[in-house]
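In: Any chance you can model this:
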Amino acid sequence: MNATLDTTITVILATGNRDKVKELRPLLEDISPLIRVTTLSELGAEVEIEETEETLEGNALLKARGIFELLSERFPALIALADDTGLEVEALGGAPGVYSARFAPMPEGKSPSYQDNVRHLLASMAGCSNRKALFRTVIALKGRIPSQNGEQFLFEHLAEGEVSGSVTIDERGSEGFGYDPVFMVDATAKTYAEMGITEKNRLSHRSLAVQKALLDLRKTLAENSIPLIYCPDNP
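Out: From the prediction side, this is the model:
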């Protein structure tokens with residue numbers, strides 16, 4: 001399979017979380033004229049891979065590998081992108097961490113909402129003076145693309161982004177999702193929920209991880225003679 005302008009490389013966002021898709025998609029669309037970004041829902045793939053690993057890295061790889069294997073036969077050139085994100089609070093010994101999406105205790109068979117998790121976090125930190133926290137995202141890429149010799153090139157990449165901040169006493173702002181209303185970024189003294197998506201995408205933990213992952217991806221594509229899109233901010 002040769003890398004020609006007729007070759008489409010499908011990038012699948014391996015998440016069913018629409019809020020994550022909203023953040024990730026703009027960061028991925030301008031890598032190469034051959035890349036088409038899509039989602040599980042757009043492909044009609046109703047699947048959710050259980051996060052059974054004990055690290056963000058493990059869960060991100062688990063999801064990327066799972067979606068790649070599931071949809072591998074449908075696309076000759078395919079990249080699965082998955083992430084796992086955790087809020088690590090110093091006073092809670094790094095919790096909720098890998099369990100951030102399911103931090104609040106719930107009846108069996110029921111998953112907590114964003115609001116459930118936020119309320120449980122604030123209740124867990126009631127009266128706590130040390131409110132330092134770290135937001136971390138790990139991005140995993142698993143792909144198969146055309147190589148220079150006409151064969152298929154298989155690869156995996158991991159990239160991490162982190163932002164330091166603190167947990168506020170009360171919710172602030174109405175944008176974003178998850179813990180955004182209670183995570184104040186040190187660099188701006190604003191919560192993510194007080195930022196628009198453009199500002200958040202410029203400095204968020206997820207954006208930093210994606211940017212690092214894209215550097216790896218652009219290098220991999222270039223090494224296999226896949227044409228790239230260049231712009232002043234992405235030489």
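In: all helices of the chain, in order?
Out: Taking DSSP state H as the test, the helices found in the chain are 18-28, 56-71, 114-124, 197-203, 205-223.
In: Ile139: which of these is closest?
Out: Checking those against Ile139 by C-beta to C-beta gives helix 205-223 as the closest, at 4.2 Å. Where C-beta positions appear, they are placed from N, C-alpha and C, glycine not excepted.
In: and that closest one, average pLDDT?
Out: Here helix 205-223 scores 92 as its mean pLDDT.
In: try stretch 65-73
Out: Throughout stretch 65-73, pLDDT has a mean value of 94.
In: now what about that stretch, what contacts it?
Out: For stretch 65-73, contacts defined as C-beta atoms under 8 Å, 6 or more residues apart in numbering pick out 12, 14, 40, 43, 45, 47, 49, 78, 80, 82, 140, 142-144, 156.
In: can we see that at 7 Å?
Out: With contact meaning C-beta atoms under 7 Å, 6 or more residues apart in numbering, stretch 65-73 is reached by Ile12, Ala14, Leu43, Ala45, Val47, Ile49, Leu78, Ala80, Ala82, Lys142.
In: By neighbours, which of those residues wins?
Out: Counting neighbours by other C-beta atoms under 10 Å, Ala14 leads the contacts of stretch 65-73 with 29 neighbours.
In: if I look at Gly16, how far off is Leu24?
Out: According to C-beta to C-beta, to the nearest Å, Gly16 stands 13 Å off from Leu24.
In: could you measure the residue nearest to Ser164 when sequence neighbours are not counted against Tyr179, distance?
Out: With C-beta to C-beta, 6 or more residues apart in numbering as the criterion, Ser164 has its nearest non-adjacent residue at 5.0 Å, and that residue is Asp186. Distance of Asp186 to Tyr179, computed by C-beta to C-beta: 15 Å.
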